[in-house]
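Undergrad: give me a 3D structure for the following:
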Amino acid sequence: MTAKDQAMAHESRLKVGVDVPWVTSWTAEPMLGVGPCPTVAGAPAVHQAQNPGVGRPNYSQNHMNRQRESVWRMLCPMCGEPTSSDDRWSQTGRWTDALALRRAGLAHLLPGVAELPDGARVFDGGAIAPCH
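TA: Predicted coordinates:
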C-alpha cells in the first residue's frame, strides 16, 4: 500500500460479510511476507495484514490468510462463520476418496486424511470453501 493509500485508509461503509465477502482483501491489508502457516501444516505461505473493512475492497483478490483459513476450517467465504456438515453448498468442490488425495500428494496438508482408509469418501473443496 502506498503512503497515499495509507493516508486515505478509512473504515468503509460497506459491511464485511454482508456487502463484501469475508475473504475479500482490502487496500489497507498489505502483504507481510512469507512464513509458516498453521492452515497448511506449517508450510511457508504468504501472509497479509488483517484490516478488513478499511480502505477499499479488492473484489478480485482474496485475502491470503482468510482464504486459507476458510478452506481449513470450512468457514463460509461470504460471512466467515463455520458451515455445518448439513449446510454446505459448493460450486467448485467435488466428492472424492482419501486415496485420490494421497495420490495427489495432498494428504499431509489435510488433517486426518492420512489415517483414513483408501475408499473413505471425502469432499475436496479445493481453494474455495463451501458457503451456507
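Undergrad: where in the protein is pLDDT low?
TA: 1-8, 111, 126 (pLDDT under 70).
Undergrad: what about 90?
TA: Where the chain drops to pLDDT under 90, the residues are 1-9, 38-41, 60, 71-74, 84-95, 98, 101-102, 104-116, 122-132.
Undergrad: the longest helix in it is where?
TA: Assignment by DSSP state H gives helix 64-73 as the longest helix of the chain.
Undergrad: so which bits of that one are buried?
TA: 64-72 (16 or more other Cβ atoms under 10 Å). C-beta here means a position set from N, CA and C on the backbone, and glycine is covered the same way.
Undergrad: and it, what other elements does it pack with?
TA: Judged by 3 or more Cβ pairs under 8 Å, 6 or more residues apart in numbering; DSSP states H and E, helix 64-73 is in contact with strand 44-48.
Undergrad: quick one, phi/psi of the closest residue to A41 other than its chain neighbours?
TA: Once flanking residues are discounted, A41 sits nearest to L109: 5.5 Å by Cβ to Cβ, 6 or more residues apart in numbering. Per-residue torsions, L109: phi -90, psi -10 (degrees, to the nearest 10).
Undergrad: for R68, see how far away L109 is.
TA: Separation of L109 from R68 (Cβ to Cβ, to the nearest Å): 10 Å.
Undergrad: same deal with D87?
TA: Distance from D87 to R68, counting by Cβ to Cβ: 22 Å.
Undergrad: ok, now V23?
TA: 10 Å.
Undergrad: pretty sure G125 contacts V71?
TA: Yes. The criterion here is Cβ atoms under 8 Å, and G125 meets it with V71 at 5.8 Å.
Undergrad: from the middle of its chain, how far away would the helix or strand harbouring T96 be?
TA: Using DSSP states H and E, T96 maps to strand 94-97. Between the centre of strand 94-97 and the centre of its chain there are 19 Å (Cα atoms, centre = their mean, to the nearest Å).
Undergrad: residues in contact with the residue nearest the centre of the chain?
TA: Geometric centre of the chain, nearest residue: Q67, 1.7 Å, by Cα atoms, centre = their mean. Going by Cβ atoms under 8 Å, 6 or more residues apart in numbering, Q67 touches 23, 77, 127.
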